[in-house]
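K.L.:
With the sequence up front, the predicted model follows.
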Amino acid sequence: MSPSDAPISWKRNLAVAWLGCFLTGAAFSLVMPFLPLYVEQLGVTGHSSLNMWSGLVFSITFLFSAIASPFWGGLADRKGRKIMLLRSALGMAVIMALMGVAQNVWQFLILRALLGLLGGFIPNANALIATQIPRHKSGWALGTLSTGGVSGALLGPLAGGLLADSYGLRPVFFITASVLFLCFVVTLLCIRENFTPVTKKEMLHARDVLTSLKNPRLVLSLFVTTMIIQVATGSIAPILTLYVRDLAGNVSNIAFISGLIASVPGVAALLSAPRLGKLGDRVGPEKILICALVVSVLLLIPMSMVQSPWQLGLLRFLLGAADGALLPAVQTLLVYNSTNQISGRIFSYNQSFRDIGNVTGPLVGAGISASFGFRAVFIVTAGVVLFNAIYSWLSLSRTLRPSSSQQTEQNRTAPE
């Protein structure tokens with residue numbers, strides 16, 4: 001038996017994909033604590049202008065990712081998911097290095113757009129693992145995989161803040177590029193996929209993807225749920241560093257403090273996501289999704305009333321424990337309601353909706369903070385999450401999750 005014909009260990013691929021998602025998430029978030037400070041260093045001054053440009057550089061990456069994701073998803077269904085992982089990691093490494101030599105905010109904005117155009121490592125990793133795992137373990141596996149990206153994304157700011165305080169802002173971009181190149185090497189050497197390329201004529205046409213699903217309305221509602229989750233998350237991101245600076249007062253290590261507060265949800269998500277994913281396999285991911293949304297509302301409201309950075313950090317830790325279950329629950333429901341033939345496109349469409357939320361959220365957060373102050377952002381975000389909880393409950397109550405007897409294993413050939 002040749003190596004290419006040997007059975008694939010989905011558990012090994014899951015472990016390697018987890019590491020790749022962790023490195024990618026950490027690389028992206030290394031620069032997040034000081035992104036508004038870097039915009040300021042590139043020549044933007046004034047509270048309103050700084051808020052606007054911070055929102056733009058956050059948002060444009062996700063806008064271009066939303067545009068490109070369906071194309072990359074279709075290519076993944078034709079050529080395989082591993083090659084998409086390699087393309088993404090290497091492309092992002094090059095762009096991130098160029099960000100370190102940007103001379104003005106317009107150059108930085110263009111590079112952030114290119115970063116979104118060439119991204120997509122984590123959704124392709126999700127699609128790869130979703131096509132290899134036994135279906136009855138989808139919740140646990142995708143929950144575990146999500147902890148890679150989430151913990152990397154939320155532990156990265158701690159390292160980014162320390163590096164920025166020690167070496168300055170620009171060197172962090174070169175360190176980030178090195179991390180992404182390491183992700184490329186790990187993926188190249190360790191990920192295995194037996195994929196037979198198909199011609200464009202053999203593929204299901206894009207307009208037929210949703211109509212081929214058993215529950216197209218449910219899948220569309222899950223896309224919308226993903227978008228709203230990201231609107232809520234993204235609305236806080238561009239103002240977090242500035243909010244922490246207001247709470248902390250005049251301190252010299254503001255980048256470290258803001259990085260720490262941005263990071264603490266990652267620790268909570270790392271602990272909660274696999275356990276809640278496994279619980280979702282038993283009781284249903286739809287129940288986990290609704291409960292986590294309600295808990296998030298109850299934690300966002302007091303964030304608008306905190307008086308110190310440490311109070312904010314404690315609430316964000318608890319929020320991370322709840323948020324760690326949201327996207328894995330949505331992804332598990334997508335696995336239950338799609339097939340391997342179209343999984344790349346289904347996950348890419350979900351990524352596009354996620355990116356639309358990522359575009360909208362920072363702009364909404366920046367606009368609200370510019371008009372009404374930082375604290376108002378948390379109140380509005382709580383309202384958005386409450387709407388999402390009600391919308392998700394109504395959508396899911398119309399369509400019951402398919403029973404295990406209906407969950408045929410014809411699309412899951414991986415060994416237990």
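P.N.:
Yes, it's here.

K.L.:
Pull out the buried positions in the helix-or-strand element of the chain with minimal mean pLDDT.
P.N.:
Among the helical and strand segments of the chain, the one scoring lowest on mean pLDDT, DSSP states H and E is helix 206-209, with a mean of 71. Taking 16 or more other Cβ atoms under 10 Å as the neighbour-count basis, helix 206-209 is seen to contain the buried residues V209. All C-beta spots, glycine's among them, are computed from the backbone N, C-alpha and C.

K.L.:
List of residues touching the helix or strand where S392 lies?
P.N.:
When secondary structure is defined by DSSP states H and E, S392 falls within helix 374-398. Outside helix 374-398, the residues within contact range by Cβ atoms under 8 Å, 6 or more residues apart in numbering are 217-218, 221-222, 224-225, 228-229, 231-232, 235-236, 239, 242-243, 246, 286, 289-290, 293-294, 296-297, 300-301, 303-305, 364-365, 368-369.

K.L.:
Give me the below-cutoff pLDDT ranges for the stretch 51-200 of the chain.
P.N.:
Scanning the stretch 51-200 of the chain with the threshold set as pLDDT under 70 gives 154, 197-200.

K.L.:
where do the strands sit along it?
P.N.:
If you assign secondary structure with DSSP state E, counting those that start in this stretch, the stretch 51-200 of the chain ends up with no strands.

K.L.:
who's in contact with G249?
P.N.:
G249 makes contact with no residue, according to Cβ under 8 Å, 6+ apart.

K.L.:
Next one: it relative to S348, how far apart?
P.N.:
Spatial separation of G249 from S348 under the definition Cβ to Cβ, to the nearest Å is 45 Å.

K.L.:
One more: L279?
P.N.:
Going from L279 to S348 by Cβ to Cβ gives 28 Å.

K.L.:
ditto for G148
P.N.:
From G148 across to S348, the span is 19 Å (Cβ to Cβ).

K.L.:
the more surrounded of L279 and S348?
P.N.:
In terms of neighbours (other Cβ atoms under 10 Å), S348 is the more surrounded of L279 and S348; the figures are 27 against 18.

K.L.:
Report the spatially nearest residue to that one, omitting neighbours in sequence.
P.N.:
What sits nearest to S348 in space, not counting adjacent residues and going by Cβ to Cβ, 6 or more residues apart in numbering, is G73, at 2.3 Å.

K.L.:
show me what contacts the residue nearest to R112 when sequence neighbours are not counted?
P.N.:
Closest residue to R112 apart from its sequence neighbours, by Cβ to Cβ, 6+ apart: T61 at 4.7 Å. If a contact means Cβ under 8 Å, 6+ apart, then T61 has R112, A113, L115, G116, G119, N358 as its contacts.

K.L.:
Turn those residues into JSON lines, including distance to L86 and neighbour count.
P.N.:
Listed next are the contacts of T61 as JSON lines, based on distance: Cβ to Cβ, whole Å; neighbours: other Cβ atoms under 10 Å:
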{"residue": "R112", "distance to L86": "22", "neighbour count": "23"}
{"residue": "A113", "distance to L86": "22", "neighbour count": "18"}
{"residue": "L115", "distance to L86": "17", "neighbour count": "22"}
{"residue": "G116", "distance to L86": "18", "neighbour count": "24"}
{"residue": "G119", "distance to L86": "13", "neighbour count": "27"}
{"residue": "N358", "distance to L86": "24", "neighbour count": "24"}
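
K.L.:
Kindly present the residues you listed as CSV, with separate columns for distance to T24.
P.N.:
Compiled in CSV, the contacts of T61 are given as follows (distance: Cβ to Cβ, whole Å):
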residue, distance to T24
R112, 16
A113, 18
L115, 12
G116, 13
G119, 9
N358, 15
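
K.L.:
Helices - which of the residues you listed land there?
P.N.:
Taking DSSP state H as the definition of helices, the contacts of T61 contribute R112, A113, L115, G116, N358.

K.L.:
A262 versus the closest residue in space to the last one that isn't next to it in sequence, what's the distance?
P.N.:
Yep, that's N358 we're talking about. With sequence-adjacent residues excluded and distances taken as Cβ to Cβ, 6+ apart, N358 is closest to F62, at 3.4 Å. Using Cβ to Cβ, one gets 17 Å for the distance from F62 to A262.

K.L.:
and the strand or helix carrying A255, what does it pack onto?
P.N.:
A255 belongs to helix 254-283 when elements are defined using DSSP H and E. Other helices and strands packing on helix 254-283, by 3 or more Cβ pairs under 8 Å, 6 or more residues apart in numbering; DSSP states H and E, are helix 138-167, helix 216-248, helix 285-303, helix 309-323, helix 326-336.

K.L.:
Now that helix: buried residues?
P.N.:
Of the residues in helix 254-283, 254-270, 272-274, 276-277, 279-281 count as buried by neighbour count, 16+ other Cβ under 10 Å.

K.L.:
Could you list the low-confidence segments of the stretch 201-350 of the chain?
P.N.:
Applying pLDDT under 70 to the predicted model, the residue ranges of the stretch 201-350 of the chain that meet it are 201-204, 206.

K.L.:
Kindly recompute the last result at 80.
P.N.:
Scanning the stretch 201-350 of the chain with the threshold set as pLDDT under 80 gives 201-215, 233-234, 237-238, 248-256, 259, 262-263, 265-267, 269-270, 324, 337-344.

K.L.:
In this structure K137 contacts G280, no?
P.N.:
No. With contact defined as Cβ atoms under 8 Å, K137 and G280 do not form a contacting pair (11.0 Å).
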